[in-house]
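Chemist: Here is a sequence with its predicted model. Questions after.
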Amino acid sequence: MKNRNLISIADFNKEEYLKVLSLAEEFEKNPVQKIAEGKVVASLFFEPSTRTRLSFESAANRLGAKIVGFADSASSSTSKGESLVDTIKTVCCYSDIIVMRHPLEGSARLASEVATVPVINAGDGANQHPTQCMLDLYSIKKTQGTLDNIHIALVGDLKYGRTVHSLVEAMCNFNTTFHLVSPVSLKLPSSVKMHIKEKNLTYYQYTEIQDAIDKVDILYITRVQRERFLDIQDYERVKNSCILDKSLMNNVKKSMKILHPLPRVNEIHSNVDSTPQAYYFQQAQNGVYVRQSLISLILGLK
Amino acid sequence: MSKKELIVSAIENGTVIDHITSDKLFQVIKILNLENCTNQILFGTNLNSSKLGTKAIIKIQNKYFERYEINKIAIVAPTATLIKIASYEVIEKFNLNLPHEIEGIVKCFNPKCITNHEQVMQKFTVLDANQIKLQCHYCQKITKEETLNFL
Ligand SMILES: [Zn+2]
């Protein structure tokens, strides 16, 4: 994977995902390995995302790399009117790898085409956020022991949720059964369902969380945002159907785990946090190992 | 030459774009920027066609189209036939097909796409040979006929 870009989840194949995940396991056991000493990671956040930035920078630090960059576009030369292409070409002179987040869709692909060093996409608008998907896969594998033959429920805004779309696409490699729970107006788009159909996998659709929750190994919840509804009454009617409360969990599988890309608002009640199924905070922790793994593979250090 | 074909008279050298569906004639004229072309141009519309019911036709004297222009015609008028004429003879005749990829013709409809904010060549993959479904190489969104705009 040396010198490869990671822009979209489709840029890596199944074997490559597995390689990233197994190296991430190694980093979990032994997180501080200063194998990137002397390397410079450019961390270019054209829009702020504290959680993702800290996770990448923590990963780079544990590898012994130095970090240059900016945390929002106000402190970059973009605020002086410099084009993205010019910024990227310049940053390549100072760094060995670029991690970038940008509000415009397709920006990371464009950057990778002009960059002379590899680019990792840390989110380009509503388009792709592949490292989030990799840490989701890692969390599934770690809690279930395997990625194969998993029953997964995807709950919430399945229409606009970019993390859901990437996760569906990636999980289609592993004979997954999908349980799709969403308000009717926020169903999984046909362009994403296409991946499930191409692999002849099974999926079920529900509008209520309780109809799926007892059947699954993984419950992946995303937020349903009020802004997504044209009619506020529609929102009021469905807003509780995708909210998880401990009272719904009486008959869930013991090994079931609840994932959430965070930050959450009200879609998981705090009374769920103390259940053995709650996994969303460990999930965020896993992001650091996965990013250590990716950076070291792309820099050719492992 | 039969009387029928003389409805729009013949040209000596140049290109005939035949079998345009009548409703697309003015769009073809627009995307090829024929308003500003000083060559002799003949066109007819609502002509009888066994293939299409009614059709439109454009004949342009002394003009042969470049690949990118032909791709533009294919997007607007996929039913069209292109005929190259030299000394009143047909030297080449072909049906238009959507290419697999198009570059620098169409604008991505997504206002949040990087290509609408930076100077960069627009690139699309043609997902369906029979209808306009163009996937942006950058933002991956699909531009369809309803959202189609030319650069
Ligand atoms: Zn685009």
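Modeler: Received, thanks. All figures in this text were calculated on a predicted structure; none of them were measured in a lab. Numbers count the residues shown, from 1 in each chain, chains lettered A, B, ... in the order given.

Chemist: all helices for chain B, in order.
Modeler: Along chain B, counting by DSSP state H, helices occupy B:25-31, B:67-76.

Chemist: Now distance to chain A and mean neighbour count too, for those helices, in CSV please.
Modeler: No exception for glycine: its C-beta is placed from N, CA and C like everyone else's. As requested, the helices of chain B are exported to CSV (distance: least, Cβ to the nearest Cβ, whole Å; neighbours: other Cβ atoms under 10 Å in any protein chain shown):
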stretch, distance to chain A, mean neighbour count
helix B:25-31, 24, 17
helix B:67-76, 21, 18
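
Chemist: Setting aside sequence neighbours, what's the nearest residue to the residue in the stretch 51-200 of chain A that the ion sits nearest to?
Modeler: Nearest to the ion in the stretch 51-200 of chain A, going by Cβ to the ion, is residue A:106, at a distance of 5.2 Å. The shortest distance from residue A:106 to any non-neighbouring residue, by Cβ to Cβ, 6 or more residues apart in numbering or on different chains, is to residue B:138 (2.7 Å).

Chemist: One more: residue B:18?
Modeler: Excluding its sequence neighbours, the residue lying closest to residue B:18 (Cβ to Cβ, 6+ apart) is residue B:81, at 4.6 Å.

Chemist: and residue 78, how many neighbours?
Modeler: Defaulting to chain A. For residue A:78, the count of nearby residues is 18 (other Cβ atoms under 10 Å in any protein chain shown).

Chemist: ah, no, chain B please
Modeler: Neighbours of residue B:78 under the rule other Cβ under 10 Å: 19.

Chemist: How much space separates it from residue B:131?
Modeler: Using Cβ to Cβ, to the nearest Å, residue B:78 is found at 9 Å from residue B:131.

Chemist: circling back: the helices of chain B into a markdown table, with extra columns for distance to the ion?
Modeler: Formatted as a markdown table, those follow (distance: least, Cβ to the ion, whole Å):
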| stretch | distance to the ion |
| --- | --- |
| helix B:25-31 | 20 |
| helix B:67-76 | 16 |
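
Chemist: Which of these sits closest to residue A:284?
Modeler: Ranking those by their distance to residue A:284 (criterion: Cβ to Cβ) puts helix B:67-76 first, at 45.7 Å.

Chemist: Send over that closest one as CSV, restricted to the C-alpha atoms.
Modeler: Written as CSV, here are the backbone C-alpha positions of helix B:67-76 (Å, rounded to 0.1, in the frame of the first residue of the first chain):
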residue,chain,number,x,y,z
ARG,B,67,-14.4,14.8,-31.1
TYR,B,68,-15.5,17.0,-28.2
GLU,B,69,-18.2,18.6,-30.3
ILE,B,70,-19.5,15.3,-31.5
ASN,B,71,-19.7,14.1,-27.8
LYS,B,72,-21.7,17.2,-27.1
ILE,B,73,-24.2,16.3,-29.9
ALA,B,74,-24.4,12.8,-28.6
ILE,B,75,-25.4,14.0,-25.1
VAL,B,76,-28.2,16.3,-26.4
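
Chemist: Which parts of the stretch 151-300 of chain A are helices?
Modeler: For the stretch 151-300 of chain A, applying DSSP state H, counting those that start in this stretch gives helices covering A:162-171, A:190-198, A:232-238, A:280-298.

Chemist: residue contacts, the residue of the stretch 1-150 of chain A at minimum distance from chain B?
Modeler: Closest approach between the stretch 1-150 of chain A and chain B, counting by Cβ to the nearest Cβ: residue A:106, at 2.7 Å. When contacts are counted by Cβ atoms under 8 Å, 6 or more residues apart in numbering or on different chains, residue A:106 touches A:124, A:127, B:113-115, B:136-140.

Chemist: can you pull out the strands in chain A?
Modeler: For chain A, the strands defined by DSSP state E cover A:40-45, A:66-70, A:97-102, A:119-124, A:151-155, A:177-181, A:203-206, A:218-221, A:257-259.

Chemist: now the last one, how far from the centre of its chain.
Modeler: The offset between the C-alpha centroid of strand A:257-259 and the centroid of the whole chain comes to 14 Å, using Cα atoms, centre = their mean, to the nearest Å.

Chemist: List the contacts of the residue most central in space within chain A.
Modeler: Compute the mean C-alpha point of chain A, and by Cα atoms, centre = their mean the closest residue is residue A:132, 1.7 Å away. Shown in contact with residue A:132 (Cβ under 8 Å, 6+ apart): A:52, A:123, A:163, A:166, A:261, A:287.

Chemist: next one: residue A:43
Modeler: For residue A:43, the contact set (Cβ under 8 Å, 6+ apart) comprises A:53, A:56-57, A:60, A:67-70, A:99.

Chemist: What's the PyMOL line that selects buried ones from those?
Modeler: Selection of buried members from these for PyMOL, criterion 16 or more other Cβ atoms under 10 Å in any protein chain shown:
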select buried, chain A and resi 53+56+57+60+67+69+70+99
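
Chemist: Could you dump the contacts of residue A:43 into TSV and include distance to residue B:69?
Modeler: As requested, these are exported to TSV (distance: Cβ to Cβ, whole Å):
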residue	distance to residue B:69
A:53	46
A:56	46
A:57	50
A:60	49
A:67	49
A:68	46
A:69	44
A:70	44
A:99	42
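
Chemist: what comes up buried for the lowest-mean-pLDDT helix or strand in chain A?
Modeler: The least trusted helix or strand in chain A, going by mean pLDDT, DSSP states H and E, turns out to be helix A:232-238, with a mean of 83. Residues of helix A:232-238 classed as buried by neighbour count (16+ other Cβ under 10 Å): A:235, A:238.

Chemist: Check the offset of that helix from the chain's centre.
Modeler: That offset, for helix A:232-238, works out to 28 Å (Cα atoms, centre = their mean).

Chemist: Give me the phi and psi for the residue nearest to residue B:69 when sequence neighbours are not counted.
Modeler: Excluding its sequence neighbours, the residue lying closest to residue B:69 (Cβ to Cβ, 6+ apart) is residue B:32, at 6.2 Å. With angles defined as degrees, to the nearest 10, residue B:32 sits at phi -90, psi 0.

Chemist: Can you check what pLDDT the model gives residue B:32?
Modeler: Here the pLDDT value assigned to residue B:32 is 91.

Chemist: And the residue in the stretch 201-302 of chain A that the ion sits nearest to, how far from residue A:268?
Modeler: Residue nearest to the ion within the stretch 201-302 of chain A: residue A:228 (21.6 Å; Cβ to the ion). Shown here: residue A:228 relative to residue A:268, a distance of 18 Å by Cβ to Cβ.

Chemist: Please apply the same query to residue A:87.
Modeler: Separation of residue A:87 from residue A:268 (Cβ to Cβ): 38 Å.
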